[in-house]
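Asks: structure, please.
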Amino acid sequence: MLHRLLFGLLAVSSLTLVGCVHSPQQLSPIPVLNTPLVAVGHGQPVQVRLVDGRKSQVLGTRGGMYPETSTITVAGQQLMPKLQAQAEAAVRLLGFTPSSNAYNAPQLTLTLTDLKYQSPKEGLYVTEATINANFRVDAQNATRRYSGQYGASLNQHFGMAPNEQTNNKLVSEVLSDALSRAFKDPSIGQLLAQ
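Replies: This is a model prediction of the structure:
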């Protein structure tokens, strides 16, 4: 009888621990420009460059009892081409032609400076996360220059720890919002059109 009781307690304890341990997630977000833009250019070429300026490809952890085992990572070699495609699409919507080798063309450099995922440090279960994304835009046309910082943030509450699909969706939304805020800045189009 004592043996069964001990076995039952061990089984319940191990199930509880399994609920508190989260595996690492390698995300592959898909940022999408989600705002209409007004064309100010007339097909002029613009050099568009994306830079991964993050200090680490690890966004943070999912929390739980052992946060060091639950890291969330977004690889730059997967993310940068997607951001490049969206930035070039935005430049087209602004009325310009993205070009990688146009001599003396205006230049637009978009740097992902920060991408973070933060969960509460205390507690056994993941109940919420705050996700932040920040871009710096540097535009140059001849001797004129313009720089701006653009960010987006999302705080999400969960009933249970988010899976990879959910976190991909959330990180994609935040990146999309930050990217869209950057290209909504009329100063960028005005400088490129001069």
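Asks: from here on, just use CA atoms for contacts and neighbour counts.
Replies: OK.
Asks: tell me what the top helix by length along the chain is packed against?
Replies: Counting by DSSP state H, the longest helix found in the chain is helix 164-184. On a contact count with 3 or more C-alpha pairs under 8 Å, 6 or more residues apart in numbering; DSSP states H and E, helix 164-184 meets strand 25-27, strand 128-141, strand 144-157.
Asks: for the protein, which spans come out with low pLDDT?
Replies: Of all residues in the chain, those with pLDDT under 70 make up the ranges 1-22, 63-67, 121-126.
Asks: how close does the residue nearest the centre of the chain sit to Lys55?
Replies: Geometric centre of the chain, nearest residue: Leu175, 4.0 Å, by C-alpha atoms, centre = their mean. Plainly put, Leu175 is 17 Å away from Lys55 if you go by C-alpha to C-alpha, to the nearest Å.
Asks: before we move on, what about Val137?
Replies: For Val137, the distance to Lys55 - C-alpha to C-alpha - is 18 Å.
Asks: list of residues touching the helix or strand that comes right after the longest helix of the chain?
Replies: Downstream of helix 164-184, the next assigned helix or strand under DSSP states H and E is helix 186-193. If you take C-alpha atoms under 8 Å, 6 or more residues apart in numbering as the criterion, helix 186-193 is touched by 40-41, 44, 46, 94, 106-107, 139-141, 144-146.
Asks: for the helices and strands packed on helix 164-184, give me TSV that also has distance to Thr71 and mean neighbour count.
Replies: Output for the helices and strands packed on helix 164-184, formatted as TSV (distance: least, C-alpha to C-alpha, whole Å; neighbours: other C-alpha atoms under 10 Å):
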stretch	distance to Thr71	mean neighbour count
strand 25-27	6	19
strand 128-141	13	20
strand 144-157	18	15
